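> for reference, the sequence and a predicted model appear below.
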Amino acid sequence: MAKRIRVKDIFSAATSQNYKVMGWVRTFRNNQFIALNDGSCLANLQVVVDNDKTDADIIRRITTGAGIMIDGKLIESQGKGQTVELLAENITILGDCDPETYPIQLKNRPSLEYLREIAHLRFRTNAFSAIFRVRHALSYGIHKFFNDRHFVNIHSPIITGSDAEGAGEMFQVTTLDINNPPKNEDGSINYKEDFFGKATNLTVSGQLEAELAALALSNVYTFGPTFRAENSNTTRHLAEFWMIEPEVAFNDLHDNMDLAEDMLKYLIQYVLDHCAEDLAFLEQRLMDDEKTKPQAERSEMSLIEKLKFCLEHPFERLTYTEAIEILKNSTPNKKGKFQYPIEKWGADLQSEHERYLVEKHFKKPVILTNYPAAIKAFYMRQDDPKEGVPGPTVSAMDILFPGIGEIIGGSQREERYDLLVRRMDEMHIPAEEMSWFLDTRRFGSVPHAGFGLGFERLVLFVTGMTNIRDVIPFPRFPGNAEF
RNA sequence: GCCCCCUUAGCUCAGUCGGUUAGAGCGACGGACUGUUAAUCCGCAGGUCCCAGGUUCAAGUCCUGGAGGGGGCGCCA
């Protein structure tokens, strides 16, 4: 018996030879032609059934979605739509698929919203198999990018006893009986009796742990799940998402920007090189989608053009202070079109402002830096006062992408012990609970910088999808933890 | 957390001013078909009009509440 060959590989295999393939039926036409898909690539293999050699009962069971195995001879296709096809000599039904109840009849073009509700089956569609192959390529590309640059991958903890990271609301982790928890004398819950002997949560960021590692290994990155219990209901937020957090000793803000831009461009190039077929399919899907929209709302570039455009142009780098000036003098601001008008320095930028800068003013990815200290996290490095800048700023950077908004947030870190402690004090962060973190600044502190990349936001951008719930297999969001 | 929209056949959607027996395409099912490409052709079945109240002679259609879904905003990656 021949060994199984993947559909992807059979397209370049020698003809006039026998092969065994296994996969799922996408369509069965003319009682004769099976379009077989095994997920190894987007394309289906055409299998030609010989009615004389195949039992009528088997033919009856070749239904959309059925799992089948075929032994047959590969020949040059006698039809037009494909170069080769497999002449079936023996067909085995591995798993029947009842067409009366199987919800994915692909010819129906089921909506993304409907498929989201049957996420356990949506892998079987072209769109989602393409998305998850691209997601994998990006994941692999990230490890390759950092490995090639001598970064060490650090597995930061998922359960954390630190609740002072300030990145968002946390999910509590406990083995206590929530209906009858042990109490202290003052009525508060006695976490000393909990599994870890203290209150614990799911991590919101591996950054602080990455900093600890960077101050010894120099170049490190984390790539793992993070959890935010924020009640966020948008197309760009998840309660469980994957984040990449590089942290590099001796880097300043500019090195940090260079690293982030290099990484994003590397990953876009990586996907263009390795996922051409899937990207072409996703691009076509988008173009079909666009046809239903009014002219004004259609995008100027196709998906692949957009990706290449990002590669060919340097990201626009400017400070928050410069951005405020542009926004203040912008047409929508003067005409009162912004829901939140830009009045003075110090205001946080709303997504309408970010969108204006990225999509209207610069028309390319933008890196905004040196934000007011008051609206940024405690660990960001405080800038020296500068002429023309009205207030204190920090060496922060946000990378804004068209259609996505913030895809990366990062900073040069405050490495000076006294300044860091003063700032923690101002922001009411308990220094005593963070002494492990402060030890890095007590013992051999050096300048360092890092950032966080929201993995799903990158997948969104690269696939051209618009809802983040469609680029992770089983999305978690408020009110939903199915599967 | 706030604001807006949607929910009719398995899927995608029509359904006019509140008026008789609720419609289409696709899918499914039955049949034909040995070169199809979202195959095609013929035939047939398929409905808790999201749920609960209310208004009305009469509700898929109007009102109130709820559930589910979508979009925008905020929080951020």
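Alright, I've got the coordinates.
> now the helices for the stretch 351-483 of chain A?
Assigned by DSSP state H, counting those that start in this stretch, the helices in the stretch 351-483 of chain A fall at A:351-355, A:417-426, A:435-442, A:455-463.
> so which bits of the second one are buried?
Of all the residues in helix A:417-426, those buried under the rule 16 or more other C-beta atoms under 10 Å are A:Leu420, A:Val421, A:Arg423, A:Met424. All C-beta spots, glycine's among them, are computed from the backbone N, C-alpha and C.
> need the max-distance pair from the residues you listed.
Farthest pair in the buried residues of helix A:417-426 (C-beta to C-beta) is A:Val421 and A:Arg423. Separation: 7.3 Å.
> picking up where we left off before, make a markdown table out of the buried residues of helix A:417-426 and add pLDDT.
Putting those into a markdown table (pLDDT from 0 to 100) gives the following:
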| residue | pLDDT |
| --- | --- |
| A:Leu420 | 95 |
| A:Val421 | 95 |
| A:Arg423 | 94 |
| A:Met424 | 92 |
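> what does the stretch 151-300 of chain A put close to RNA strand B?
For the stretch 151-300 of chain A, the residues found near RNA strand B under the criterion C-beta under 7 Å from any atom of the strand are A:167-168, A:205, A:228, A:230-239, A:241, A:243.
> please redo it, this time with the cut-off set to 6 Å
Residues of the stretch 151-300 of chain A lying close to RNA strand B (C-beta under 6 Å from any atom of the strand) are A:167-168, A:228, A:230-235, A:237-238, A:241, A:243.
> export those as a markdown table, with columns for neighbour count, pLDDT and secondary structure.
Formatted as a markdown table, those follow (neighbours: other C-beta atoms under 10 Å; pLDDT from 0 to 100; DSSP: H, G, I helix; E, B strand; the rest coil):
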| residue | neighbour count | pLDDT | secondary structure |
| --- | --- | --- | --- |
| A:Ala167 | 17 | 69 | coil |
| A:Gly168 | 14 | 78 | coil |
| A:Arg228 | 21 | 94 | coil |
| A:Glu230 | 15 | 92 | coil |
| A:Asn231 | 11 | 92 | coil |
| A:Ser232 | 14 | 93 | coil |
| A:Asn233 | 9 | 93 | coil |
| A:Thr234 | 11 | 95 | coil |
| A:Thr235 | 13 | 95 | coil |
| A:His237 | 18 | 96 | coil |
| A:Leu238 | 22 | 96 | coil |
| A:Phe241 | 21 | 97 | strand |
| A:Met243 | 22 | 97 | strand |
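> which one of those residues is nearest A:Asp55?
When these are compared for distance to A:Asp55 (C-beta to C-beta), A:Leu238 comes out closest, at 48.2 Å.
> roughly how far apart are that closest one and A:Ala137?
Here the criterion is C-beta to C-beta, to the nearest Å. By it, A:Leu238 lies 20 Å from A:Ala137.
> please enumerate the helices of the stretch 51-200 of chain A.
A:56-60, A:112-117, A:126-148.
> quick check: which of those is buried the most?
helix A:126-148 (a mean of 18; mean count of other C-beta atoms under 10 Å).
> that one near RNA strand B anywhere?
No. Legend: contact between helix A:126-148 and RNA strand B by C-beta under 6 Å from any atom of the strand is lacking; minimum distance shown is 10.3 Å.
> what angle do that helix and helix A:455-463 make?
Between the axes of helix A:126-148 and helix A:455-463, defined by axes from the mean of the first three to the mean of the last three C-alpha atoms, to 10 degrees, the angle is 120 degrees.
> in stretch A:173-191, which residues are buried?
For stretch A:173-191, burial by neighbour count (16+ other C-beta under 10 Å) applies to A:Val173, A:Leu176, A:Tyr191.
> give me the nearest residue to the first one, chain neighbours excluded.
In space, A:Val173 comes closest to A:Thr200 once its chain neighbours are excluded; the distance is 4.6 Å by C-beta to C-beta, 6 or more residues apart in numbering.
> number of nearby residues for A:Ser16?
Here the neighbour count serves as a burial measure; for A:Ser16 (other C-beta atoms under 10 Å) it reads 8.
> roughly how far does it sit from RNA strand B?
To RNA strand B, A:Ser16 is 14 Å away according to C-beta to the nearest atom of the strand, to the nearest Å.
> who are the neighbours in contact with that residue?
Remark: with contacts taken as C-beta atoms under 8 Å, 6 or more residues apart in numbering, A:Ser16 is in contact with A:Lys73, A:Leu74, A:Ile75.
> number of nearby residues for the first one?
Using other C-beta under 10 Å, A:Lys73 is surrounded by 15 other residues.
> how about it: what's its closest non-neighbour residue?
Using C-beta to C-beta, 6+ apart and skipping the chain neighbours, the partner closest in space to A:Lys73 is A:Leu87 (4.8 Å).
> shouldn't the one you found be in contact with A:Gly72?
Yes. At 5.0 Å, A:Leu87 and A:Gly72 qualify as touching, with contact defined as C-beta atoms under 8 Å.
> the two: who's more crowded?
Each of A:Leu87 and A:Gly72 had its neighbours counted (other C-beta under 10 Å), and the higher figure belongs to A:Gly72 (22 against 16).
> can you check the pLDDT for the residue nearest to A:Val173?
The score at A:Thr200 is 93. That number is its pLDDT.
> ok, it touching A:Ile159?
Yes. Between A:Thr200 and A:Ile159 there is a contact under C-beta under 8 Å: 5.4 Å.
> shared neighbours, those two?
If you check A:Thr200 and A:Ile159 against C-beta under 8 Å, 6+ apart, the residues they both contact are A:Val173.
> settle it for me: which of those two has more neighbours?
Remark: of A:Thr200 and A:Ile159, A:Thr200 carries more neighbours, 22 against 11, as counted by other C-beta under 10 Å.
> what strand or helix carries A:Val21?
Remark: A:Val21 resides in strand A:18-29, with elements defined by DSSP states H and E.
> the next helix or strand after that strand pairs with which strands?
Next in sequence after strand A:18-29, counting helices and strands by DSSP H and E, comes strand A:33-37. Using DSSP bridges, the strands paired with strand A:33-37 are strand A:18-29 (antiparallel), strand A:45-48 (antiparallel).
> for A:Ile268, which non-adjacent residue is spatially closest?
A:Leu307 (5.2 Å).
> RNA strand B contacts on the stretch 301-450 of chain A?
Residues of the stretch 301-450 of chain A lying near RNA strand B by C-beta under 6 Å from any atom of the strand: A:Asp348, A:Gln350, A:Ser351, A:Gly405, A:Glu406, A:Ile407, A:Ile408, A:Gly409.
> let me see the contact set for the residue of chain A found nearest RNA strand B.
Scanning chain A for the residue nearest RNA strand B gives A:Gly79, at 2.1 Å (criterion: C-beta to the nearest atom of the strand). Neighbouring residues of A:Gly79 by C-beta under 8 Å, 6+ apart: A:Gln46, A:Glu85.
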